[in-house]
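dropping the sequence and predicted coords here.
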Amino acid sequence: MRNIIRILKAKDFGSIGIGAMIIFIAMVLVAGIAASVLVQTANNLEMQAMTTGEETTAEVSTGIRVFDIEAHSKGTGIREINWMTISVKPRSGSEDIDLEQAVIEISDGASKVLLSYDSSHFNTSVSDHNGQIFSNETLAWGTLTNEQFGVIVIEDADSSASSSTPVINRGDSVMLCIRTQTCFSGGLSPRDDVWGKVIVEEGALGPFSFRVPSSLSDEVHDLY
């Protein structure tokens, strides 16, 4: 009788040992799967954090700055501003800025227009105008519509800007040309309050605002 009991207990111990081994193996597998998921999640979070950091750095450091606005007026009687240039340059520490992806938003209080780059109105140097920005309507302004702006290069030591890829970087400066007579039904009138911004693909935009002088007796006016 004692031998039978001893044999039964030995069988029970064997069953318990196999069950414990199965549970142990299952726990190892579950832990391995959980660990792989955690490692993969951590890698994804690290990559996302790096990308976010790079994008945030570029967003903060990149941008465009408006440093001058000049205009030309013509007409008989009450003169109006028919052409305008917005001089811009990259902000300090900025990444390259592609003006092909830029948009100019400008309003005179009565209407607002959005202008995009037109490659047929790109001029590589102010020397193209014999030093006179407003002297040659065809060269600088041509057939610009109320949806387009042109570019006149002021400084571009590394020749990064071209008609097909108007990219500006450190040390570069350009004039953005606007035909205001097509944007605002004949032009900007005296005492008009004008505001707008140069919006680039990435980074800080370039805001500007000015009031048209009450007298437009001269042809060229410094507005900003």
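Yes, it's here. Here the structure is a predicted model, which is why all the values come from computation and not from measurement.

below-threshold pLDDT in the chain: ranges please.
1-20, 42, 45-46, 49-61, 76-77, 124-132, 135-142 (pLDDT under 70).

how is it carved up into domains?
Domain assignment for the chain, taken from automatic domain parsing, gives 1-61, 63-222.

what does the one helix or strand residue 67 maps to rub up against?
Taking DSSP states H and E as the definition, residue 67 sits inside strand 64-74. With contacts defined as Cβ atoms under 8 Å, 6 or more residues apart in numbering, strand 64-74 is touched by 79-91, 94, 97, 102, 133-134, 173, 180, 187-188, 198, 200, 203-208, 210, 216, 218-224. Backbone N, C-alpha and C define where each C-beta goes, glycine included.

can you tell me which of the residues you listed are buried?
Burial by neighbour count, judged by 16 or more other Cβ atoms under 10 Å, picks out 79-91, 94, 97, 102, 133-134, 173, 180, 187-188, 198, 200, 203-206, 208, 210, 216, 221, 223 from those.

wait, residue 212 sits on residue 195?
No - applying Cβ atoms under 8 Å, one finds residue 212 not in contact with residue 195, separated by 11.8 Å.

quick one, which of these two is more surrounded?
Each of residue 212 and residue 195 has its neighbours counted (other Cβ atoms under 10 Å); residue 212 has more, 22 against 15.

got the phi and psi for the more buried one?
Per-residue torsions, residue 212: phi -60, psi 130 (degrees, to the nearest 10).

what ranges does the protein have for its helices?
2-61, 137-140, 180-183 (DSSP state H).

tell me how far stretch 99-106 lies from the chain's centre.
From the chain centre to the centre of stretch 99-106 is a distance of 9 Å (Cα atoms, centre = their mean, to the nearest Å).

how about stretch 157-169?
Relative to the centre of its chain, stretch 157-169 is centred 16 Å away, using Cα atoms, centre = their mean.

and if you look at stretch 179-194?
Counting by Cα atoms, centre = their mean, stretch 179-194 comes out at 27 Å from the chain centroid.

just the endpoints, please. Distance across it?
14 Å (Cα to Cα, to the nearest Å).

now that stretch: buried residues?
Taking 16+ other Cβ under 10 Å as the criterion, stretch 179-194 shows 179-184, 187-189, 192, 194 as buried.

that concludes my questions; thank you for your assistance.
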